[in-house]
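>>> My questions are about this predicted structure, shown below with the sequence.
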Amino acid sequence: MVRQQLRWSALLVFSLVAVGPCAANTILGGLEDWAGTSGYERNGDFNDLIFQITGNISFNAPGGVFNNLNPGVVNENGTVFWGNPSGDGPDMNAGYYMAGLGNQQYLATSAGGSVNNVSFLAAGPLTITILGGITADYLGDNLGWYDPANPWLVHPLFQGVVPGAAITFTPSASFALYSDNGWNQGFSSIAADNQGESTDHQHFAFFTPQASAVPEPSPATLAGIGLVLLTLGSLRRRKR
């Protein structure tokens, strides 16, 4: 497999910094589009295409749990299903990229395995943005969605991708994602719907920002609030 160097849009990297742990209703995904064999799929690098979806969206992923993305699981030892060596070079699986965005969580089984039946629930329009990928591989990828109740009717969003490109779409209330790599193979977030490839391996990896905690007011803040209340009380008494 011939791969070229990783390229990210500078403008896009700047915008990613703004995607912090406070971002609500945000899903990030990494896609492995290399066909391979059943054995190779287990060692995919899940970095050929990186995208983000924002809007009123939630996961439907039986058997999946969210875990904090800490340095201990971002490796090339297979601790998580996407954490394997990449044919593109060191530190190039999706975990390294997502860890660079700050406080993230990853979707996997409790043992770190892939969740093979992942769909989404949406209410209203969503926006999907292409964040980047691997030169000469991901630029030819197609990405779209479909209703799991009618998997043969697909809705393409990107026919070939461009870093930074964004599309707003309104899917069915329940939907799945798919990608076509141009090699007569289609990969779905519901692995059973894969086409031209094994139906028991997941080619998508999903992440989401951790929910931010509500900060507790500092003693100085509480004192300031008390002073304001005392002042307001004094003004009310004078007015009377």
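Yep, it's here.

>>> From here on, just use CA atoms for contacts and neighbour counts.
Will do.

>>> from memory residue 204 sits against residue 45, does it?
No: Residue 204 is beyond contact range of residue 45, at 10.4 Å (criterion: C-alpha atoms under 8 Å).

>>> Now for the most centrally placed residue in the chain: which residues touch it?
Compute the mean C-alpha point of the chain, and by C-alpha atoms, centre = their mean the closest residue is residue 28, 1.4 Å away. Shown here is residue 28, whose contacts under the criterion C-alpha atoms under 8 Å, 6 or more residues apart in numbering are 50, 51, 52, 53, 206, 207, 208.

>>> Same check on residue 146?
152, 153, 154, 155, 171, 172, 175, 176, 177, 178 are the contacts of residue 146 under C-alpha under 8 Å, 6+ apart.

>>> filter these to the buried ones?
Taking 16 or more other C-alpha atoms under 10 Å as the criterion, what is buried in those is 154, 171, 172, 175, 176, 177, 178.

>>> now the second one, what's its secondary structure?
Under DSSP: H, G, I helix; E, B strand; the rest coil, residue 171 falls in the coil class.

>>> Just the strands from the protein, written as ranges.
For the chain, the strands defined by DSSP state E occupy 6-7, 26-31, 49-60, 65-68, 104-108, 119-134, 142-146, 154-159, 166-169, 174-180, 186-188, 204-209.

>>> quick one: which of the ones you listed is nearest residue 94?
When these are ranked by distance to residue 94, counting by C-alpha to C-alpha, first place goes to strand 26-31 at 5.9 Å.

>>> What is the burial count for residue 54?
Using other C-alpha atoms under 10 Å, residue 54 has 17 other residues around it.

>>> Would you check how far apart it and residue 122 are?
Using C-alpha to C-alpha, to the nearest Å, residue 54 is found at 10 Å from residue 122.

>>> What of residue 142?
Distance from residue 142 to residue 122, by C-alpha to C-alpha: 21 Å.

>>> Low-confidence stretches in this structure?
1-24, 34-43, 134-138, 211-240 (pLDDT under 70).

>>> tell me the contacts of residue 126?
53, 54, 55, 56, 57, 168, 169, 170, 171.

>>> same thing with residue 120?
Contacts of residue 120 by C-alpha under 8 Å, 6+ apart are 57, 58, 59, 60, 173, 174, 175, 176.

>>> Over to residue 145?
Contacts of residue 145 (C-alpha under 8 Å, 6+ apart): 154, 155, 156, 157, 171, 175, 176, 177, 178.

>>> thought the fifth one was touching residue 125?
It stands for residue 171. Yes: taking contacts as C-alpha under 8 Å, residue 171 lies within contact range of residue 125: 7.2 Å.

>>> coming back round to it: spatially, which two of the buried ones among the contacts of residue 146 are the most separated?
Applying C-alpha to C-alpha across these, the maximum distance is between 172 and 178, 14.4 Å.

>>> got a list of what the closest residue to residue 126 other than its chain neighbours touches?
Once flanking residues are discounted, residue 126 sits nearest to residue 55: 4.8 Å by C-alpha to C-alpha, 6 or more residues apart in numbering. The contact partners of residue 55, taken as C-alpha under 8 Å, 6+ apart, are 25, 26, 122, 124, 125, 126, 127.

>>> Of those - the most surrounded one?
residue 26 (22 neighbours).

>>> Surely it touches residue 54?
Yes: shown here, residue 26 and residue 54 form a contact pair, counting by C-alpha under 8 Å, at 4.6 Å.
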